[in-house]
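A.B. asks: I would like the atomic coordinates for the input below:
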Amino acid sequence: MPRRPNNSRQARALFATLLDHPQTWRHGYDLSKETGLRSGTLYPLLIRLSEQGLLESRWQEAERPGLPPRHVYRLTGSGLALAREQELAAIAAERAGAFA
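C.D. replies: Numbering: from 1, shown residues only. Reported below is the predicted structural model:
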């Protein structure tokens, strides 16, 4: 059976984190700390999900003068639907395991 796209452990961790506050713009550094994903895994994943239309990304000006702008990310409507679907699937798998 082929693997469903965006269903890797890393993608699920990222979606679960973004699902906590789906309309909030998040910095990659903060997402890395929350998910435990390293930059070499996280940033390619963020780029791929953005290209697939599951995440929005934009530049955000620095809060303090002299610092460079940073990329921020948040779920799109499609990304939110997929994140919720994955969350429900995880809950169902937990319940099935509890009754096995």
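A.B. asks: May I see the buried residues of the helix ranked longest in the chain?
C.D. replies: Identified as the longest helix of the chain according to DSSP state H is helix 77-99. Across helix 77-99, burial judged by 16 or more other Cβ atoms under 10 Å covers G79, L80, L82, A83, Q86. For the C-beta atoms, the positions are set from N, CA and C on the backbone; glycine is no exception.
A.B. asks: quick one: which of the residues you listed is nearest S8?
C.D. replies: Q86 (10.8 Å; Cβ to Cβ).
A.B. asks: From the contact counts, what lies against the one helix or strand in the chain whose mean pLDDT sits lowest?
C.D. replies: Sorting the helices and strands of the chain by mean pLDDT, DSSP states H and E puts helix 77-99 at the bottom, at a mean of 86. Packing partners of helix 77-99 (3 or more Cβ pairs under 8 Å, 6 or more residues apart in numbering; DSSP states H and E): helix 9-20.
A.B. asks: Helix or strand: which one has the nearest residue to P69 once chain neighbours are set aside?
C.D. replies: Excluding its sequence neighbours, the residue lying closest to P69 (Cβ to Cβ, 6 or more residues apart in numbering) is W59, at 4.5 Å. Element membership for W59 (DSSP states H and E) is strand 55-60.
A.B. asks: What pairs with whatever helix or strand comes next after that strand, parallel or antiparallel?
C.D. replies: Next along the chain after strand 55-60, taking DSSP H and E as the criterion, comes strand 70-75. Applying DSSP bridges to the sheet, strand 70-75 is found paired with strand 26-27 (antiparallel), strand 55-60 (antiparallel).
A.B. asks: residue contacts, the residue nearest to P69?
C.D. replies: Contacts for W59 (Cβ atoms under 8 Å, 6 or more residues apart in numbering) come out as P69, R70, H71, V72.
A.B. asks: Would you mind giving me the ChimeraX syntax to select the buried ones in those residues?
C.D. replies: Buried members of the contacts of W59, defined by 16+ other Cβ under 10 Å, are picked up in ChimeraX with:
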select :71,72
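A.B. asks: pLDDT weak spots in the chain?
C.D. replies: Within the chain, the segments meeting pLDDT under 70 span 1-5, 98-100.
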